Each structure stands twice: as structure tokens, then as C-alpha cells.
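**Q** The sequence and its predicted three-dimensional model are supplied below.
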Amino acid sequence: MPTITIAEADVELNDDGFFEVPEQWTEEMVPALALTEGIQELTEDHWTVIRFMRKEYFEKGTGPTVRVLGKTSGVTVKELYKLFPKGPGKVAARMAGIPKPRGCI
């Protein structure tokens, strides 16, 4: 379990790059996390998805699937794939500082 520094804070990640302790995450970390995912510019839709992912995780104990994201976050599935081209479920979860959602491969 590697510990890395993001936005001047040490955080624990698992081998797949997901936060071990979601409470270590801050919004100030998101730009650096985005760059590691190849996302150069964050839009309001990125933030909508990231905040929705965190809300769902803390309410339900897991992040939403891409299908649920597309139906309930206000961002369509098609747009999710434009925002997070390497896989919206996993990439958005990493950027939101939560564990990999159930159902993500």
C-alpha cells in the first residue's frame, strides 16, 4: 500500500491507485489527480461527477456504476466517457478519492 503526497498531503493508495482512506481526500487534490489520469482541464461537469461519486459512496458504502452515474448524476453516459475517456467509473472514483465501485472491472 503506497503512500504518496498529493497537494502537500500524504495519502494511502492501494495498488490500483484508489484511496484507502477516503477521508484523506480534499478538493485541492483533484487537479493533481486529474493530471495523473490525463485530464488537463476540469470542467463543472467533472466536479458534478466527482462530488456525486463521493456523496453516493458516503451514503451507500460504494460508488455508483457508470449506468447509475448516467441516470442520476445529471451527466449522460455519453458525456461521462468524454469527461473520463479511460473509464468513467474507475477514473472518477480515483479522482473522487473513493474505492473502486462494485461492478467496475
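**A** Yes, it's here.
**Q** CA only for contacts and neighbour counts going forward, please
**A** Fine.
**Q** that's a strand at Glu12, yeah?
**A** Yes. Assessed with DSSP: H, G, I helix; E, B strand; the rest coil, Glu12 lies in a strand.
**Q** and it, how many residues sit next to it?
**A** 18 (other C-alpha atoms under 10 Å).
**Q** For it, which non-adjacent residue is spatially closest?
**A** Leaving aside its chain neighbours, Glu12 sits nearest to Thr3 (4.4 Å; criterion: C-alpha to C-alpha, 6 or more residues apart in numbering).
**Q** repeat for Val49
**A** Of all residues not flanking Val49 in the chain, Ser73 sits nearest, at 6.5 Å (C-alpha to C-alpha, 6+ apart).
**Q** quick one: contacts for the residue nearest to Glu12?
**A** Shown in contact with Thr3 (C-alpha atoms under 8 Å, 6 or more residues apart in numbering): 10-13.
**Q** Give me the phi and psi angles of it.
**A** phi -110, psi 130 (degrees, to the nearest 10).
**Q** Output the contacting helices and strands for the lengthiest helix in the chain.
**A** Taking DSSP state H as the assignment, the helix of the chain that covers the most residues is helix 44-60. The contact analysis (3 or more C-alpha pairs under 8 Å, 6 or more residues apart in numbering; DSSP states H and E) places helix 44-60 against helix 88-96.
**Q** Isn't Arg51 up against Met95?
**A** No. Contact criterion C-alpha atoms under 8 Å: Arg51 and Met95 do not qualify, at 9.9 Å.
**Q** More neighbours: which of the two?
**A** Using other C-alpha under 10 Å as the criterion, Arg51 and Met95 rank with Met95 on top: 29 against 17.
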